[in-house]
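K.L.:
Fold the following.
(one chain, ligands or ions: 1)
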Amino acid sequence: MQHQEAQKLIAELTAELNQHNYNYYVLAMPTISDYDFDQKLKQLDALEKQFPDLQDPDSPTLKVGGEITKSFKTVKHKYPMLSLGNTYSEQELLDFDARVRKAIGDNFEYVCELKFDGLSMSFTYRNGKLIQAVTRGDGTKGDDVTTNVKTIKTIPHQLKGDNIPEEFEIRGEVFIHIAAFEKLNAEREENGEQPFANPRNFASGTIKMQDSAEVARRPLDCFLYFLYLENAPFKTHWESLHAIKSWGFKASEHAKLCKSMDEVLDFIHKYESERHKLSYDIDGIVIKVNSYAQQQELGFTAKSPRWAISYKYKAEEVETQLLSITYQVGRTGAVTPVANLKPVQLAGTTVKRATLHNANEIERLDVRAGDTVLVEKGGEIIPKIIKVNLDKRPANSQPTIFTQTCPECETQLIRNEGEAAWYCPNDTGCPPQIIGKMQHFTGRKAMNIDSLGDETIVQLYNAELLHNISDIYALKDKKVQLLQLDRMGEKSANNIIEGIELSKQMPFEKVLFGLGIRYVGETVAKKLAQHFKDIDKLMQANFDELVAVNEIGTRIAESVIDYFKIQEHRLVIEQLKADGLQFTIEEKEVLLESNKLDGKTFLISGVFENFSRDALKDLIETNGGKMLSSISSKLNFLVAGDNMGPSKLQKATDLNIPIISEQELLNMLN
Ligand code: IVH
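P.N.:
Below is the predicted model of the structure:
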C-alpha cells in the first residue's frame, strides 16, 4: 500500500474506532459488534506497524497499553487536591446549610451527586488533548500515571464538540465496576494470587502498575465531577457538568439540582437504598453549592472547601446466627470455608452466606457453628463476619476444626508451607476441580469457546462425555450423544462443535493459560510462551532456566515443574497437540521495508515519547535490524527512553556502546 493511501485509511479507522469506543464505553450504546470492532482494530494496528510515522497520538490501538513505567514521576498539583468535610449525621448537614446561608444568604442552589468510592485523580487537557493524569498523592503532589490512564476506555484522549477551553484541569474518580471486580478477584484467587479486599483497593493497585498492558486488561472506569477552569464560559457547576459531557467525558446521570435542604435530604434517602442497585460502589453523597461566584465567596478552610460537604452512609451490619461452616473446592483445589447464615436482610439483599477466607480467619475470629455473628456489607461486596457475639455463645459450643479431607472426594488435604489455603491434591479425580479446569480452559481469556458455557460443561461432565480438557476436542464425533442432552438442539450442538474447531487457532499463550497451571495467570503464560516459544522447551526447562525468565519467581517455577511431572498432564498435552492446538509461537514473518539497519543489533530500554516498545522493535526489524535481549559487546546500539535502569546505562557506557534516542533511531532510517 502507498503511504498516501495508508494515511487516509489510518485516519478513517482511527476516527471510526474512537467513535465506537465512545458509543460503547461512555454512552453504553454500541453500534458495532465486538467482533467487527476487533477486526477493524487489528487492521489499524497492522497498518500502524507498517507505517509507524502515521500513527495518530489518539490512536485507539494505544488504549491497549504496552509501555512499562519503572517509577512514576512526582508532579505538583496546580490546584491542591483537597478533601471534603464529611459527616454521617443529618443534623451536621443542617448545620452546614446554616453556615452557608449565613455567609451568602438564602438565594442559592445545591448540586447533589454520588460520592464514588474509587481514587480521585486530576487530568489536564490542552488543545483538547489529554496531556497528564496525576493521582491525588498527599493532596499537594501526586504521581504521573498518564500512560496507565490512557488505557481507561472512558477517558477521552481527544475531546470533541464546541467551546473546548484551551487548557483546563478536571477531577474525577477512577473505579472498577463490582461485577468486573468480583470476576477478576475470583480469577486471582484461583491463580493463587492474593485477592484485593475491595474494588477501591483494586483500582488503586491497578493505576500504579508498571505494565500498562496489564492495566489495560483490567476494566477501570472513571466519572468526572469537577472542572478547574479560569475564566469559565459558564457560571455554575451544573452547567459545567453538562459542558464536560458534551466534550466526551463521562459524568454521572445521578446528579440533581436542589433548591432546598428538603430536596437534598430526599436525594440522600433515595440513594441510601438505591445505591445497592448501582453497578459500582458509592460511599455517600456530595453536596456542592452550585454558583461559582458563591463558591468563591464561601472560599476554603485549610483542608476543604466551605461550599461543599459529603454525607457518608454507614457500613451496614446486622447480627445473625451462623448455622454451619461448609467447604468449597475451586478449580485449583483450594478449599474455602463458607459460613452458612440464618438468612437476614442487609444492604438491600438477603444474606445467607459469608466468606471465611481460610483456616487462619476461622482461628482469628474463633467462630463456631451456633454462634451469633455480626455481619457487615461495606466496601466489600461479599458479606463478611466482623466478630462473634460471645455473650450469645451456646454453652456446649466447640471450637471449629478445619476439615482435613476434601468435601467432594475425601482426599486428605495438604497445606504448602507459608500458604494460608488448604488444597485437595487430587486434581485429576476431584469433580469440582475437573469441571472448574474445563470451564477455565473454555473461558474467554483462554480458548474462548463461547458456545460451550459453564452450565453445558457441567451437563457434559455429568453425562460422562467430558472427563478432561482433551475430551473437548473429541465432541465433534459425539453429536448423537450431544443431541440427547436436555435443552440441546441441532443448532446449539453445531455451534458447540464449530466453536471448538475455531478454538484450535488460539495462540500458544492462550492454550498455556488455559491449562490452568497454578500461579500461571494470563501475564505469566504470555511471558513463558514468549520466552520458550514451544511447549516442549517449556516442559524440559529446569528450575534455573525458569527463574531466569523475567518476572518468573521460585513459586511459579516450582508449580510449572510440578505440573509437567504428572503423567496425566503430559498425556492431555499430547492429545491436544494431536488435535491441532497451537503449542508453539509462530515466528512472525518480517516483511522488510528497507535494509537500512542490516547487520546492526539493537536493545530497547525505558519508556518512549512517541512509540511503544513493540512499535520500535517492529520498526527495527522491518528495516533489517536485529534485536538482542541483553547488553554485551555484540550490541551496536542501545535505544534509550525515559526511566532506563541505571545498571543498563552503566554497562552500556562501560562497553562503549552508543546510546541513542528514538529520534536518532528515526534519523538512521531517513
Ligand atoms: S468534588 C473541590 N465530587 O471524595 C471538590 N468528590 O472526600 C473536589 N469524591 O477527594 C471533590 N465523588 O475523591 C467530588 N461527586 C464527587 C465525588 C468526590 C467522590 C471523592 C473525591 C474527593 C473525596 C472527598
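K.L.:
May I have the distance across stretch 415-435, first residue to last?
P.N.:
22 Å (CA to CA, to the nearest Å).
K.L.:
Over to stretch 631-640?
P.N.:
Stretch 631-640 end-to-end distance (CA to CA) = 12 Å.
K.L.:
which residues sit against it?
P.N.:
Contact with stretch 631-640 is made by 600-606, 616, 620, 628, 648-649, 651-652, 655, 657-662, 665, as judged by CB atoms under 8 Å, 6 or more residues apart in numbering. From N, CA and C alone the C-beta is placed, and that goes for glycine too.
K.L.:
so of those residues, which ones are in strands?
P.N.:
601-605, 659-660 (DSSP state E).
K.L.:
List, out of those, those positioned next to the ligand.
P.N.:
Filtering the ones in strands among the contacts of stretch 631-640 for proximity to the ligand by CB under 6 Å from any ligand atom leaves nothing.
K.L.:
what's the closest non-adjacent residue to residue 25?
P.N.:
residue 153 (4.1 Å; CB to CB, 6 or more residues apart in numbering).
K.L.:
can you pull the contacts of that neighbour?
P.N.:
21, 24-25, 63, 219, 221.
K.L.:
rerun that using 7 Å as the cut-off
P.N.:
For residue 153, the contact set (CB atoms under 7 Å, 6 or more residues apart in numbering) comprises 21, 25, 63.
K.L.:
in a strand, that's where it is, yeah?
P.N.:
No. Using DSSP: H, G, I helix; E, B strand; the rest coil, the secondary structure at residue 153 is coil, not a strand.
K.L.:
Where do the strands of the stretch 101-250 of the chain begin and end?
P.N.:
Per DSSP state E, counting those that start in this stretch, the stretch 101-250 of the chain has strands spanning 110-116, 119-126, 129-135, 141-143, 167-176, 220-228. These are given in chain order.
K.L.:
Dump those to a markdown table, plus mean pLDDT and distance to the ligand.
P.N.:
Listed next are those as a markdown table, based on pLDDT from 0 to 100; distance: least, CB to the nearest ligand atom, whole Å:
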| stretch | mean pLDDT | distance to the ligand |
| --- | --- | --- |
| strand 110-116 | 97 | 4 |
| strand 119-126 | 95 | 3 |
| strand 129-135 | 94 | 11 |
| strand 141-143 | 90 | 12 |
| strand 167-176 | 96 | 5 |
| strand 220-228 | 96 | 4 |
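K.L.:
where are the low-confidence patches of the stretch 251-400 of the chain?
P.N.:
Applying pLDDT under 70 to the stretch 251-400 of the chain flags residues 348, 378-381.
K.L.:
three-state assignment of the closest residue to the ligand within it?
P.N.:
When scored by CB to the nearest ligand atom, the stretch 251-400 of the chain has residue 286 as its residue closest to the ligand, at 4.2 Å. The three-state label given to residue 286 by three-state DSSP is strand.
K.L.:
wait, what's in contact with it?
P.N.:
84, 113, 115, 308, 310.
K.L.:
Let's see that with 6 Å instead.
P.N.:
Contacts for residue 286 were tallied using CB atoms under 6 Å, 6 or more residues apart in numbering; they are 113, 115, 310.
K.L.:
Show me what the longest helix out of those in the chain is packed against.
P.N.:
Longest helix of the chain, by residue count under DSSP state H: helix 3-21. Helix 3-21 is packed against helix 34-50, with contacts defined by 3 or more CB pairs under 6 Å, 6 or more residues apart in numbering; DSSP states H and E.
K.L.:
Show me which parts of the helix or strand that comes right after the helix it packs on are buried, residue by residue.
P.N.:
Using DSSP states H and E, the helix or strand that follows helix 34-50 in sequence is strand 74-76. For strand 74-76, a neighbour-count test (16 or more other CB atoms under 10 Å) marks residue 75 as buried.
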